[in-house]
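A.B. asks: Model the following, please.
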Amino acid sequence: MSKRLFDLFISALGLFFLFPFFILIAIIIKLDSIGPVFYLQERVGLGGKPFKLFKFRTMRTGADKSTAITVGNRDPRITRVGYYLRKFKLDELPQLINVSLGTMSLVGPRPELKKFVDLYSAEQRRVIEVKPGITDYASIEFRNENELLEGKPDPINFYIREIMPVKLNLNLKYIETRSFWIDLKIITQTIWLIVANRK
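C.D. replies: You can find the predicted model right below:
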C-alpha cells in the first residue's frame, strides 16, 4: 500500500469513527469560551507552499497575535477546556482533515511557521521537500515542549537556538530512513504516549 493510500484510509476511518467525538468537543469548546471551534494557522507545507493547519481552538480568540508559541501548560491565554485538549493532544485530531485533503501525511516532519522556516539552512530546508505530518520523531521527543519553554526570558529565541536545530536533525533522520514500517512504529509510539499520558 502506498503512503498516500494509507493516509487516506486511516484519515477517512478516523474521521468517520471520531465524528461524534468531534461534535462533543465542538459543543464543549463553544460552551467554554467565545470563538470558533477550529483554529486555522498558516504553516509551510511541501515545497514551501503555505497551507492552513486545522486544530481545535485551545486559546482565547486573538491570543496568538502576541506570539504563536505557547509557554507552559498554564499559559494564561489557554482556555479551561483548551488545557485538557492540549494535555491529551486532542487539539491535534482535526489534522486528519489535512491528511484527507492531501496537505499533510500521518507521519512526516511537523510543519512550521514561515518565520521559522526562513531561518533554515540549505540542508535543513530538505525537510520541506517531503509532505509534513501529524507526528514524527521530533513530536515524540518534544512532546512536552511547552514545559521546556516555561520560565525562559526569551522563549522564541530559546526555541530557535536550542529546540529547532534538534527537531530538524530528527526530521532529517526520518527522511533518510523513512519506510512504511518506520511510519507504523512512530504512529504506535505516539498513540501509546498519548493513551498512557507519559511525559
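
A.B. asks: buried residues in the strand or helix carrying residue 100?
C.D. replies: In the assignment (DSSP states H and E), residue 100 maps to helix 95-101. By neighbour count on 16 or more other Cβ atoms under 10 Å, the buried set for helix 95-101 is 95, 96, 97, 98, 99, 100. For every residue, glycine as well, the C-beta is placed using N, CA and C.

A.B. asks: Pretty sure the second one sits against residue 11.
C.D. replies: Yes: counting by Cβ atoms under 8 Å, residue 96 touches residue 11, with 4.6 Å between them.

A.B. asks: Need the single longest helix in this structure, by residues.
C.D. replies: Ranked by residue count and defined by DSSP state H, the top helix of the chain is helix 3-32.

A.B. asks: Output the contacting helices and strands for that helix.
C.D. replies: In terms of contacts (3 or more Cβ pairs under 8 Å, 6 or more residues apart in numbering; DSSP states H and E), helix 3-32 is packed against strand 50-56, helix 80-87, helix 95-101, strand 105-107, helix 180-196.

A.B. asks: Check which helices and strands the lowest-mean-pLDDT helix or strand in the chain is in contact with.
C.D. replies: Ranked by mean pLDDT, DSSP states H and E, the helix or strand of the chain with the weakest confidence is helix 145-149, at a mean of 84. Here helix 145-149 touches helix 155-158, going by 3+ Cβ pairs under 8 Å, 6+ apart.

A.B. asks: what is the mean pLDDT for the next helix-or-strand element following the helix it packs on?
C.D. replies: Counting by DSSP H and E, the element after helix 155-158 in chain order, helix or strand, is helix 164-177. Averaged over helix 164-177, pLDDT sits at 96.

A.B. asks: Just the buried positions in helix 164-177, please.
C.D. replies: Those would be 164, 167, 168, 170, 171, 172, 174, for helix 164-177 by 16+ other Cβ under 10 Å.

A.B. asks: of all these, which comes closest to residue 58?
C.D. replies: Distance to residue 58 across these (Cβ to Cβ) is lowest for residue 167, with 21.0 Å.

A.B. asks: burial count for the nearest residue to that closest one once chain neighbours are set aside?
C.D. replies: Closest residue to residue 167 apart from its sequence neighbours, by Cβ to Cβ, 6 or more residues apart in numbering: residue 138 at 4.0 Å. Using other Cβ atoms under 10 Å, residue 138 is surrounded by 22 other residues.

A.B. asks: And the helix or strand where residue 138 lies, what does it pack against?
C.D. replies: Using DSSP H and E, residue 138 maps to helix 137-141. Under the contact criterion of 3+ Cβ pairs under 8 Å, 6+ apart, helix 137-141 touches helix 164-177, helix 180-196.
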